[in-house]
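>>> What follows is a protein structure lacking sequence information:
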Ligand SMILES: Nc1ncnc2c1ncn2[C@@H]1O[C@H](COP(=O)(O)OP(=O)(O)OP(=O)(O)O)[C@@H](O)[C@H]1O
């Protein structure tokens, strides 16, 4: 009996001792997927593993048997994109060495409950290392953050709504130079100056108790560069874009309100084809389902609660005549700009930018580009006099497919009658 008692005491002593030892010797850090550091950390891990594999092929930086795959869409500089597979540490226990210290990483997924609205399961990563190496945690997280920031530098981030949250959509994209979008003279400058002036007047708004927000409407025919311009402008100001689709399934007034009042800092909210969601206060449902956003709910969300938070909304439409006057009144839309089909000058500028300056691989001389550009300008002018127009998108497509001479020769085929 005394042996039995002795063994029990010994076992308990061992358990207590090992717990005390762990407490004294180990330190843990928990990061959950609600925090931005979560993504940064997983990407950092994947990056380290890739770098180690490149250095010593066949070796494994991450001691692990459970990997998950994350597919990311990468945009190439020529505009095309491809899907890349990133192997990240899956749920389970993994070991890795950071600056000479062994670390255990435990990734856990809560399968019974999911995040309200977004439906994404809760996840946590717990890092454990020896107490004496605790100072490595902040270093590691800072490295992961810097890596994420470096990846985004000079790039445009597009976000979409995921439930009530804004999540990045695809990989950060290369910024498009503002002058690559060719508008009629003064149009682009007018919008750009307005946005810049607004951004400098935060105090002015605060002093007068006016909500610090501004709404823009770009209207005009399809393919005139409205979306491209908004993206290029965001890029030039180092802003991100949050794309809101009002017809999205499951979007309701309360979610919309939440999304609009919680857009990330330094971002434009972009609502495209705003006429399609509310056609004179009647919701359309072209593809068979209806979002439950009501027109009045949308107006309320635009007005929001008065707050000091900056908010810039861009809306686009091909049919301004279909919009309810309540939507485009000042305060909701402060600057409304018409972006039209190609004017003779726009066509010429797009042409010379495209074929000139050595960017396009052609053996055509600059003089020839100028001559053909002038010819194209004249051609567009004469077509316009007969009520026929061409979109800038159609011209861009023509230039991509043809040589400069061929483009000017076949251009007439693209014009459509707009008199009706
Ligand atoms: N003014 C322009 N200058 C340069 N490129 C243009 C211009 N307009 C259109 N494009 C090109 O045409 C394509 C479509 O343009 P974009 O989507 O910006 O047009 P949009 O006016 O927003 O069309 P929609 O009304 O159908 O949404 C893009 O690839 C863009 O590069």
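Yep, that arrived. On a predicted model such as this, the values are computed, not experimentally measured, just so you know.

>>> Next, count neighbours for the closest residue to the ligand within the stretch 101-250 of the chain.
Using C-beta to the nearest ligand atom, the single residue of the stretch 101-250 of the chain nearest to the ligand is residue 225, 2.7 Å away. All C-beta atoms are positioned from the backbone trio N, CA, C, and that covers glycine. Residue 225 has 24 neighbours, counted by other C-beta atoms under 10 Å.

>>> all helices for this structure, in order.
Counting by DSSP state H, the chain has helices at residues 2-25, 36-55, 136-152, 187-199, 202-208, 226-236, 253-261, 274-277, 295-303, 344-355, 366-385, 392-401, 404-410.

>>> how about the residues of the stretch 201-350 of the chain that lie near the ligand?
222, 223, 224, 225, 226, 227, 228, 316, 318, 350 (C-beta under 6 Å from any ligand atom).

>>> With distance to residue 262 and pLDDT as extra columns, can I get these in CSV?
CSV is the format used below for these (distance: C-beta to C-beta, whole Å; pLDDT from 0 to 100):
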residue, distance to residue 262, pLDDT
222, 31, 95
223, 32, 95
224, 31, 96
225, 30, 96
226, 25, 97
227, 23, 96
228, 27, 96
316, 22, 96
318, 29, 94
350, 38, 95
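
>>> Save these as JSON lines, and put in distance to residue 172 too.
Compiled in JSON lines, those are given as follows (distance: C-beta to C-beta, whole Å):
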{"residue": "222", "distance to residue 172": "27"}
{"residue": "223", "distance to residue 172": "25"}
{"residue": "224", "distance to residue 172": "26"}
{"residue": "225", "distance to residue 172": "22"}
{"residue": "226", "distance to residue 172": "22"}
{"residue": "227", "distance to residue 172": "17"}
{"residue": "228", "distance to residue 172": "17"}
{"residue": "316", "distance to residue 172": "22"}
{"residue": "318", "distance to residue 172": "28"}
{"residue": "350", "distance to residue 172": "27"}
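
>>> Could you report the pLDDT at the residue sitting nearest the centre point of the chain?
By C-alpha atoms, centre = their mean, the chain has its centre lying nearest to residue 158, at 0.8 Å. Listed pLDDT for residue 158 reads 94.

>>> In contact with it, which residues?
Residue 158 makes contacts with 168, 169, 170, 173, 231, 240, 241, 242, 243, as judged by C-beta atoms under 8 Å, 6 or more residues apart in numbering.

>>> ranking these by neighbours, who comes first?
Busiest of the contacts of residue 158 [other C-beta under 10 Å] is residue 242, holding 25 neighbours.

>>> wait, that residue sits on residue 268?
Yes. With contact defined as C-beta atoms under 8 Å, residue 242 reaches residue 268; the gap is 7.1 Å.

>>> circling back to that earlier point, okay, and the beta partners of the residue nearest to the centre of the chain?
Going by DSSP bridges, residue 158 is paired in beta bridges with residue 241.

>>> quick one: buried residues of stretch 173-182?
Residues 173, 176, 178, 181, 182 are the ones in stretch 173-182 that count as buried (16 or more other C-beta atoms under 10 Å).

>>> Please name the residues that touch residue 341.
Counting by C-beta under 8 Å, 6+ apart, residue 341 has contacts 220, 221, 224, 389, 390, 391, 392, 418.

>>> Leaving aside the residues adjacent along the chain, what's closest to the third one?
Sequence neighbours aside, residue 339 is the residue nearest to residue 224 in space, at 4.6 Å (criterion: C-beta to C-beta, 6 or more residues apart in numbering).

>>> need the contact list for that neighbour.
Per C-beta under 8 Å, 6+ apart, neighbours of residue 339: 183, 184, 187, 218, 219, 220, 224, 225, 226, 229.

>>> can we see that at 10 Å?
Shown in contact with residue 339 (C-beta atoms under 10 Å, 6 or more residues apart in numbering): 181, 183-184, 187-188, 191, 218-221, 224-226, 229, 316, 392.

>>> Out of the residues you listed, which end up buried?
181, 183, 187-188, 191, 218-221, 224-226, 229, 316, 392.

>>> still on that earlier bit, kindly reformat the contacts of residue 158 as JSON lines containing pLDDT.
Below are those laid out as JSON lines (pLDDT from 0 to 100):
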{"residue": "168", "pLDDT": "85"}
{"residue": "169", "pLDDT": "87"}
{"residue": "170", "pLDDT": "81"}
{"residue": "173", "pLDDT": "87"}
{"residue": "231", "pLDDT": "95"}
{"residue": "240", "pLDDT": "93"}
{"residue": "241", "pLDDT": "96"}
{"residue": "242", "pLDDT": "95"}
{"residue": "243", "pLDDT": "95"}
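
>>> Closest one of the residues you listed to residue 408?
residue 231 (28.8 Å; C-beta to C-beta).

>>> Quick check: the gap between that closest one and residue 1.
81 Å (C-beta to C-beta, to the nearest Å).

>>> give me the subset of the buried residues of stretch 173-182 touching the ligand.
181, 182.

>>> So which of the buried residues of stretch 173-182 sit within strands?
Of those, the ones assigned to strands by DSSP state E are residue 173.

>>> Out of the buried residues of stretch 173-182, which is nearest to residue 208?
Closest to residue 208 out of these is residue 178 (30.8 Å), distances taken as C-beta to C-beta.

>>> Just to check, the closest one is in contact with residue 229?
Yes. At 7.8 Å, residue 178 counts as touching residue 229 under the criterion of C-beta atoms under 10 Å.

>>> where do the contact lists of the two overlap?
188, 192.

>>> Test for you: state the pLDDT assigned to the residue nearest to residue 139 when sequence neighbours are not counted.
Closest residue to residue 139 apart from its sequence neighbours, by C-beta to C-beta, 6+ apart: residue 99 at 7.3 Å. We have a pLDDT of 89 for residue 99.

>>> Name the nearest of the buried residues of stretch 173-182 relative to residue 249.
In terms of C-beta to C-beta, no member of the buried residues of stretch 173-182 lies closer to residue 249 than residue 173, at 25.6 Å.

>>> how close does the closest one get to residue 269?
18 Å.

>>> what about the longest strand in this protein?
Per DSSP E, the chain has its longest strand at strand 101-114.

>>> counting contacts, what elements does that strand pack onto?
Applying 3 or more C-beta pairs under 10 Å, 6 or more residues apart in numbering; DSSP states H and E, we find strand 101-114 packed against strand 26-32, helix 36-55, strand 81-89, strand 92-98, strand 121-130, helix 136-152.
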